[in-house]
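Chemist: Following is a predicted model, sequence given first.
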Amino acid sequence: MSPLVMNRKRSTVWHHFTVLEINKAKCDICSEEKSFTGGSTGNLLRHLKTKHPTVPLERSIQDTHSSSGTIDDPQQSTSSTNIVSPLSLGTTPQPEITRQQKRTQISMNNFIQGPIAMTRSKAIDKQLMKMIVKEYHPFSVVEDQEFRNLIKMLNPSYIIPSRKTVTQSLLPQMYEMTIERVKDQLKNVSAVCMTTDGWTSLNNESFVAVTVHFIDPENETQLSSVLLGCENFRDKHTADNLAIFLRNTVDEWNLTNKITGVVSDNASNIKSAIVKKCNWRYLSCFAHSINLVVQTTKLQDFQKQTGLPQLKLKLDCPTRWNSTYDMFDRILSIKESVIATLAVLGNSQLNCFDSEEWTLLEHARDILKIFYDVTVEIILFFK
């Protein structure tokens, strides 16, 4: 077997290491000495990937020939590079591919398919996180086989991060970078308007969101908005607790002296937190107010005209089951007013209950009344 064939069977790691003694070799690039056991070159390979990620593992054919100490026969070399297509037999021969062209092509391929540069790898990591966050992909997308196949086709040298790396490393890094970027942006803003609202998820978890709106100093025609937080609010929704939450959010983003006004719904607790506790200017949500005014006015007008009691509708609270009874009882007590008001509004989307649904509502109210009465008796007993 020729030295060239033997050299090709050796690990490509030895293109960059020189054996010093048994189980020890020196890196030809940085002269660092590394140990290895028997025929295992894993430790040496890790050194190359970590310390020299841009260096291709394989050398070009030209380097391999020179290191093997063999000399090619010029005549054999020329004849071996005449490549003729089987379909072109009897026709004009195809152009000859020189050995130098083959060396250049293989050398470039080795470099392109070599280890990816650290800066390039980080740039791809960043774009991957943008895709997951902005397009609402699950973190498990990095484990999907077809996604991994796609990335491998686009860049075989890129190592796809694991789901654990995405959630415990890349996501926190992007979060911190985004916070710093937003803080830098808000630092140059002279005034902001804040909006806040609370809502409950399908899992009955309460959340409070805070958003600020401002004119970008670098582009005074551009209105920008930033969601500062949407946190799981486990405390009671009292004015004091909401005020503490709002002040902490404002202080965290260094906006204490920049609040020109706060927009929210007409709930008494949030209004009291904004005006009485935080001493900020309160602005009622225009769309919410108009909706309440129109519906309340029409309902009250019909009740006045018909001489019915002027009662408002009630909404239940998911955390207080007795409020469901109150809601059912109230709408049944002003059933005629509700039906007439919906007809006056003339909105096809505001469909009233049919007769079966009204009957079902009455049965549900009667069942809940039993528990409601028992609860009231227990409360009165312990007073």
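Modeler: Received it, and whenever you're ready, just let me know what you need.

Chemist: Who are the contact partners of the most centrally placed residue in the chain?
Modeler: Centroid-nearest residue in the chain, with Cα atoms, centre = their mean: residue 133, separated by 2.0 Å. Neighbouring residues of residue 133 by Cβ atoms under 8 Å, 6 or more residues apart in numbering: 171, 174. Placement of C-beta: from N, CA and C, glycine included.

Chemist: likewise residue 326?
Modeler: Residues in contact with residue 326 (Cβ under 8 Å, 6+ apart) are 314, 316.

Chemist: I'd like the average pLDDT over whatever helix or strand it lives in.
Modeler: Remark: residue 326 resides in helix 322-333, with elements defined by DSSP states H and E. For helix 322-333, the mean per-residue pLDDT is 84.

Chemist: you'd agree residue 190 is in a strand?
Modeler: No. In this structure, residue 190 is coil, not part of a strand, as judged by DSSP: H, G, I helix; E, B strand; the rest coil.

Chemist: what's the distance between residue 233 and residue 206?
Modeler: 5 Å (Cβ to Cβ, to the nearest Å).

Chemist: Can you work out which residues contact both of these two?
Modeler: Any residue near both residue 233 and residue 206 by Cβ under 8 Å, 6+ apart counts here, and that gives residue 198.

Chemist: could you pull out the strands for the stretch 1-150 of the chain?
Modeler: With DSSP state E, counting those that start in this stretch, the ranges of strands along the stretch 1-150 of the chain come out as 17-21, 24-27, 33-35.

Chemist: any chance you could map the strands in the stretch 151-300 of the chain?
Modeler: When secondary structure is read from DSSP E, counting those that start in this stretch, the stretch 151-300 of the chain shows strands at 192-200, 206-215, 223-232, 259-264, 282-284.

Chemist: Which of these sits closest to residue 17?
Modeler: Set against residue 17 and scored by Cβ to Cβ, the strands of the stretch 151-300 of the chain come closest in strand 223-232, at 52.5 Å.

Chemist: quick revisit: so which of the strands of the stretch 1-150 of the chain is the most packed in?
Modeler: Among those, ranked by average contacts under mean count of other Cβ atoms under 10 Å, first place goes to strand 24-27 (a mean of 16).

Chemist: what bits of the stretch 151-300 of the chain have low per-residue confidence?
Modeler: Within the stretch 151-300 of the chain, the ranges that satisfy pLDDT under 70 run 286-299.

Chemist: okay, the strands of the stretch 1-150 of the chain in CSV with mean pLDDT next?
Modeler: Formatted as CSV, the strands of the stretch 1-150 of the chain follow (pLDDT from 0 to 100):
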stretch, mean pLDDT
strand 17-21, 83
strand 24-27, 87
strand 33-35, 86
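
Chemist: coming back round to it: can you tell which of the strands of the stretch 151-300 of the chain is closest to residue 317?
Modeler: Between residue 317 and those, the shortest gap by Cβ to Cβ is with strand 192-200, which sits at 9.0 Å.

Chemist: Next, count neighbours for residue 120.
Modeler: Close neighbours of residue 120, defined as other Cβ atoms under 10 Å, add up to 14.

Chemist: how close does it get to residue 141?
Modeler: Residue 120 is 21 Å from residue 141, by Cβ to Cβ.

Chemist: now do residue 378
Modeler: Applying Cβ to Cβ, one obtains 52 Å for the distance of residue 378 from residue 141.

Chemist: The two: who's more crowded?
Modeler: Per other Cβ under 10 Å, whichever of residue 378 and residue 141 has more neighbours is residue 141, with 16 against 10.

Chemist: if I pick residue 252, what's in contact with it?
Modeler: Taking Cβ under 8 Å, 6+ apart as the contact definition, residue 252 lies against residue 228.

Chemist: returning to that earlier point: among the strands of the stretch 151-300 of the chain, which comes closest to residue 324?
Modeler: When these are ranked by distance to residue 324, counting by Cβ to Cβ, first place goes to strand 192-200 at 14.2 Å.

Chemist: starting at the chain centroid, how far to that closest one?
Modeler: With Cα atoms, centre = their mean, to the nearest Å as the basis, strand 192-200 stands 21 Å off its chain's centre.

Chemist: quick one on the thing from earlier: buried set for the helix holding residue 326?
Modeler: Of the residues in helix 322-333, those scored as buried under the neighbour-count criterion (16 or more other Cβ atoms under 10 Å) are 324-331.

Chemist: could I get those residues as CSV with distance to residue 278?
Modeler: Rendered in CSV, the data for the buried residues of helix 322-333 read as follows (distance: Cβ to Cβ, whole Å):
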residue, distance to residue 278
324, 33
325, 35
326, 31
327, 32
328, 37
329, 37
330, 33
331, 36
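
Chemist: residues making contact with stretch 173-185?
Modeler: Judged by Cβ under 8 Å, 6+ apart, the contacts made with stretch 173-185 from elsewhere in the structure are 126, 129-130, 133, 216, 224, 226, 253-254.

Chemist: which one of these sits closest to residue 268?
Modeler: Lowest distance from residue 268 to these (Cβ to Cβ) belongs to residue 253, with 26.5 Å.

Chemist: Now for the closest one: which residues touch it?
Modeler: Applying Cβ under 8 Å, 6+ apart to residue 253 gives the contacts 182-183, 186, 212, 228.

Chemist: Now do the phi/psi pair for it.
Modeler: Dihedral angles of residue 253 (phi, psi; degrees, to the nearest 10) stand at phi -100, psi 10.

Chemist: quick one: it and residue 202, what's the gap?
Modeler: Taken as Cβ to Cβ, the spacing of residue 253 relative to residue 202 amounts to 29 Å.

Chemist: Also residue 157?
Modeler: Distance of residue 157 to residue 202, computed by Cβ to Cβ: 43 Å.

Chemist: got it, and residue 254?
Modeler: If you go by Cβ to Cβ, the gap between residue 254 and residue 202 works out to 35 Å.
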